[in-house]
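Trainee: after the sequence you'll find the predicted model.
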Amino acid sequence: MDASREHWSGRLGFTLAAVGSAVGLGNMWRFSYMAAENGGAAFVFLYVVMTLVVGLPVMLAELTLGRGAGKSPIQALAHFGGERWKWLGGLFVATGFVILAYYSVIAGWTFRYSLESMVSGFPSDAGAHFEAIASGWPALCWHLGFMAVTTLVVSGGIRSGIERASLVLMPLLAIIVVGLAIYATTLEGASAGYAYYFETDFSAIWNTAVLRDAAGQAFFSLSLGMGAILTYASYLDRSTDLPAESITIALSDFGVAFLAGLVVFPLIFALGLEADVGASTMGALFITLPKAFAEMGGAGTFIGVSFFLALWVGGLTSAISLLEVVVSSVIDATGTTRRRAALVCGSAIALLGVPAAFSLEVLGLMDQIGGNLFLIVGGLALSVFVGWIMPDALGEAGSNSKLAGLLIGWKLLLRFVVPAILATVLWFTLRDTWNLINETFAG
Ligand code: TRP
């Protein structure tokens, strides 16, 4: 292993950073709008299945590859697979570019919402407000501000940038989300929200669209399929128990998504805003919830500011991991300094985000392509790589692990089950992406 390469200060630093990567806008914004769009509990059920059967094995595959090579994605793939696997690393970097570009626009909204509402409360006409701020020059400014903060943290490096930010931000996020979920139980009428969230209409489980969304969401939420976890694992030393880490990360991620549902659905139903849920779009969380907060008066402002602040905090630690994939790849490829790499990559991504800041349609399309299609392709190729090509993946994954005995099952999943499921999901995702491209450019 390269002794000059940066390392985490210890296990806690890595775990918090990786959980910080996983927990983000995906858990609160994307999870609840996907759940609402796909009929609540059926989606949640499939999402859990996908997390366990596909997410966990791919998570361990990324950890194994990253720590085994001790390099950024492109070099890590070349290390074990030779030159002809470099394209996959290239796809990872491209995916990081696309996701972060629009992710930052959304994170910009969340920060704006929390600051603005601290000063003037939530506007009663939430729909018009969202429309006014979601796209255009203001959206662009908040996007650029968010990218600046992200770039600053990443240019600080592993220990004094990423690790330090996670150490402060992750506990803060956990406190806010748990607090909000407890508060939500006290709302009159919350039970209708819980009912919507938990009542499984099992027929929806056979709906391929729900399956596809659940798989895509599991990948997005766990930060899989583009080398983010791989990159973080490349700064680990061999004493870490990788299978145990993968379980910790996945459980924490699921925990926060689940808790966010316990906040969002009671709020919406307690205030009788469920009609808005049926018409769910990407903006739902940014319209329906502020409506609820506005109706709740003073308490609503406090709750709402906390909610959007938590979203922003989660978004920041995730954005950091997305940028780190790109930055570490550029450092490894060119030998330039971290600071310069962060500045150049951060600026380029900020630029790519400009179209997303001006059009919700473009933003949605980038989410479909980067946040869905590319992740599924990346996850599929990665499971084949670690399952079939990487030498002694089993030994690397199980070294220093209490769970090494279970890893035969992991290898089997990775070789057969995961590729089969992902190939099926890919088929549907390709079809939908194609339709969305046509819609976007026809309209
Ligand atoms: N997982 C994050 C979220 O849920 C987003 C994210 C960070 C991500 N890094 C990623 C998504 C890498 C896909 C790939 O908000």
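Mentor: All right, it came through fine.
Trainee: phi and psi next, for the closest residue to residue 80 other than its chain neighbours.
Mentor: In space, and not counting its chain neighbours, residue 80 is closest to residue 390: 4.6 Å by C-beta to C-beta, 6 or more residues apart in numbering. All C-beta spots, glycine's among them, are computed from the backbone N, C-alpha and C. The phi and psi values for residue 390, taken as degrees, to the nearest 10, are phi -60, psi 130.
Trainee: now do the contacts for residue 390.
Mentor: Residues counted as contacts of residue 390 (C-beta atoms under 8 Å, 6 or more residues apart in numbering) are 64, 65, 68, 80, 81, 396.
Trainee: just the pLDDT for the second one.
Mentor: Yep, that's residue 65 we're talking about. pLDDT recorded at residue 65 is 98.
Trainee: now do the fifth one
Mentor: On the pLDDT scale, residue 81 is placed at 97.
Trainee: find the nearest non-adjacent residue to it, please.
Mentor: Nearest to residue 81 is residue 389, by C-beta to C-beta, 6+ apart, at 5.2 Å.
Trainee: hmm, residue 82 and the one you found touching each other?
Mentor: No. Look at residue 389 against residue 82 with C-beta atoms under 8 Å: they stay out of range, at 9.1 Å.
Trainee: which one of those two is surrounded by more residues?
Mentor: residue 389 (13 against 10; other C-beta atoms under 10 Å).
Trainee: helices of the stretch 251-400 of the chain, start to end?
Mentor: Taking DSSP state H, counting those that start in this stretch as the test, the helices found in the stretch 251-400 of the chain are 274-278, 284-295, 297-334, 338-352, 354-358, 360-368, 374-384, 393-398.
Trainee: what about those helices, which gets the closest to the ligand?
Mentor: Evaluated over the helices of the stretch 251-400 of the chain, closeness to the ligand peaks at helix 297-334, with 3.7 Å, by C-beta to the nearest ligand atom.
Trainee: and the angle for that closest one with helix 284-295?
Mentor: Here the directions of helix 297-334 and helix 284-295 differ by 150 degrees (axes from the mean of the first three to the mean of the last three C-alpha atoms, to 10 degrees).
Trainee: chain center to the helix or strand containing residue 112, what's the gap?
Mentor: Per DSSP states H and E: residue 112 is located in helix 86-120. With C-alpha atoms, centre = their mean, to the nearest Å as the basis, helix 86-120 stands 10 Å off its chain's centre.
Trainee: ok, back up a step: the residue nearest to residue 81: what's it in contact with?
Mentor: Going by C-beta under 8 Å, 6+ apart, residue 389 touches 80, 81, 85.
Trainee: redo these as CSV? Include distance to the ligand and neighbour count.
Mentor: Below are the contacts of residue 389 laid out as CSV (distance: C-beta to the nearest ligand atom, whole Å; neighbours: other C-beta atoms under 10 Å):
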residue, distance to the ligand, neighbour count
80, 21, 19
81, 21, 18
85, 19, 19
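Trainee: hang on, residue 356 packs against residue 105?
Mentor: Yes. Using C-beta under 8 Å, residue 356 is in contact with residue 105, at 4.8 Å.
Trainee: could you dump the helices of the stretch 251-400 of the chain into CSV and include mean pLDDT, mean neighbour count and distance to the ligand?
Mentor: Output for the helices of the stretch 251-400 of the chain, formatted as CSV (pLDDT from 0 to 100; neighbours: other C-beta atoms under 10 Å; distance: least, C-beta to the nearest ligand atom, whole Å):
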stretch, mean pLDDT, mean neighbour count, distance to the ligand
helix 274-278, 67, 15, 21
helix 284-295, 86, 24, 13
helix 297-334, 95, 23, 4
helix 338-352, 98, 19, 13
helix 354-358, 97, 20, 15
helix 360-368, 93, 20, 10
helix 374-384, 98, 24, 6
helix 393-398, 96, 20, 20
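Trainee: not counting its neighbours along the chain, what's nearest residue 48?
Mentor: That would be residue 254: by C-beta to C-beta, 6+ apart, it lies 7.1 Å from residue 48.
Trainee: tell me how many other residues surround that neighbour.
Mentor: Neighbour tally, residue 254, other C-beta under 10 Å: 23.
Trainee: surely it and residue 49 touch.
Mentor: No. Applying C-beta under 8 Å, one finds residue 254 not in contact with residue 49, separated by 11.6 Å.
Trainee: name the SS class of residue 139, please.
Mentor: helix (DSSP: H, G, I helix; E, B strand; the rest coil).
Trainee: give me the distance between it and the ligand.
Mentor: According to C-beta to the nearest ligand atom, to the nearest Å, residue 139 stands 19 Å off from the ligand.
Trainee: doesn't residue 360 make contact with that residue?
Mentor: No. In this structure, residue 139 is not within contact of residue 360 by C-beta under 8 Å, at 9.5 Å.
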